[in-house]
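K.L.:
structure, please.
(one chain, ligands or ions: 1)
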Amino acid sequence: MIRTRIKYCGLTREDDLAVAIDCGVDAIGFVAYARSPRFVGAARAAELAELLPPFVTPVVLFVNPTRDEVAAYLDLIPGATLQFHGDETPAECGQFGNPWIKAARVAADGRVAGADCDLASYAARYVGARAILLDAHSDGFGGAGKTFDWRLASGPLALPVVLSGGLDASNVGAGMAAVTPLAVDVSSGIERSRGIKDADKMRSFAAAVRAADDARHRA
Ligand SMILES: O=C(O)c1ccccc1NCC(=O)[C@H](O)[C@H](O)COP(=O)(O)O
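P.N.:
Okay, the predicted model is just below:
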């Protein structure tokens with residue numbers, strides 16, 4: 001009985017972390033991109049990651065970082081999974097030896113924003129990743145609260161899929177039905193305003209994922 005994994009992204013406060021853990025999420029994303037309102041520095045990310053119980057994975061996400069920028073977080077959170085949202089090459093992503101996820105911003109024509117290929121080719125290029133995180137194409141690099149056309153992600157890819165981009169409690173079930181992802185990832189959809197998490201929305205999102213899994217297993 002497969003359970004869809006859940007990642008809550010962009011947490012910056014202990015009380016939000018406690019709610020997320022209570023919701024049974026599988027991973028917590030810490031934003032290392034300084035232009036994001038959800039940004040946490042290495043020391044703050046390490047403080048928060050220290051509060052995670054076993055079996056809840058810390059994920060640190062970057063946009064075109066330098067090696068030293070990543071190393072500053074790994075020095076303090078050596079077991080972190082890394083998530084890359086920029087134009088990083090597979091070699092740049094894999095150079096640290098940590099598990100890593102590559103994000104792909106899916107444009108309306110099904111191609112990957114910033115790349116010269118379609119989604120299937122992009123996933124094959126990053127075959128060293130543990131998963132590909134499918135997000136909507138936006139002006140930024142992520143965290144935009146925008147969905148993409150899930151039909152563009154219904155075909156097989158070379159990597160397990162994390163569905164992301166504009167998810168919330170009201171649409172995550174439909175996204176799961178369309179894509180059947182390994183995991184779902186959310187940031188804006190569990191916030192009351194940009195960068196401010198909402199406990200009720202966190203609880204509702206997790207409940208919606210569980211309900212969608214139950215419905216699939218009953219079908
Ligand atoms: O969260 C951010 O501010 C962010 C900024 C730059 C790159 C990535 C970022 N977030 C990465 C994530 O994994 C988000 O959860 C993902 O983009 C989905 O965000 P949302 O559409 O707000 O749920």
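
K.L.:
anything in the longest helix along the chain near the ligand?
P.N.:
What stands out as the longest helix in the chain, according to DSSP state H, is helix 199-218. No. Helix 199-218 does not reach the ligand (C-beta under 6 Å from any ligand atom); its nearest approach is 9.9 Å. Where C-beta positions appear, they are placed from N, C-alpha and C, glycine not excepted.

K.L.:
with just CA atoms, put that helix into CSV.
P.N.:
Provided in CSV are the C-alpha atoms of helix 199-218 (Å, rounded to 0.1, in the frame of the first residue of the first chain):
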residue,chain,number,x,y,z
ALA,A,199,-0.9,25.4,10.9
ASP,A,200,-4.4,24.7,9.7
LYS,A,201,-3.3,24.7,6.0
MET,A,202,-0.4,22.4,6.9
ARG,A,203,-2.8,20.0,8.6
SER,A,204,-5.4,20.2,5.8
PHE,A,205,-2.8,19.5,3.1
ALA,A,206,-1.5,16.4,4.8
ALA,A,207,-5.1,15.2,5.3
ALA,A,208,-5.9,15.7,1.6
VAL,A,209,-2.8,13.7,0.6
ARG,A,210,-3.9,10.8,2.9
ALA,A,211,-7.4,11.0,1.6
ALA,A,212,-6.2,10.8,-2.0
ASP,A,213,-4.0,7.8,-1.2
ASP,A,214,-7.0,6.1,0.5
ALA,A,215,-9.2,6.8,-2.5
ARG,A,216,-6.6,5.3,-4.9
HIS,A,217,-6.3,2.2,-2.8
ARG,A,218,-10.0,1.7,-2.6
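
K.L.:
helices and strands around it, which ones?
P.N.:
Using 3 or more C-beta pairs under 8 Å, 6 or more residues apart in numbering; DSSP states H and E, the elements in contact with helix 199-218 are strand 5-9, helix 14-22, helix 172-179.

K.L.:
looking at those, which is buried most?
P.N.:
Mean neighbours per residue, mean count of other C-beta atoms under 10 Å, is largest over the helices and strands packed on helix 199-218 for strand 5-9, with a mean of 23.

K.L.:
close to the ligand, is that one?
P.N.:
Yes. Contact between strand 5-9 and the ligand, assessed by C-beta under 6 Å from any ligand atom, occurs at C9.

K.L.:
so what strands line up beside that strand?
P.N.:
Strand 5-9 has its sheet partners listed here by DSSP bridges as strand 27-31 (parallel), strand 183-186 (parallel).
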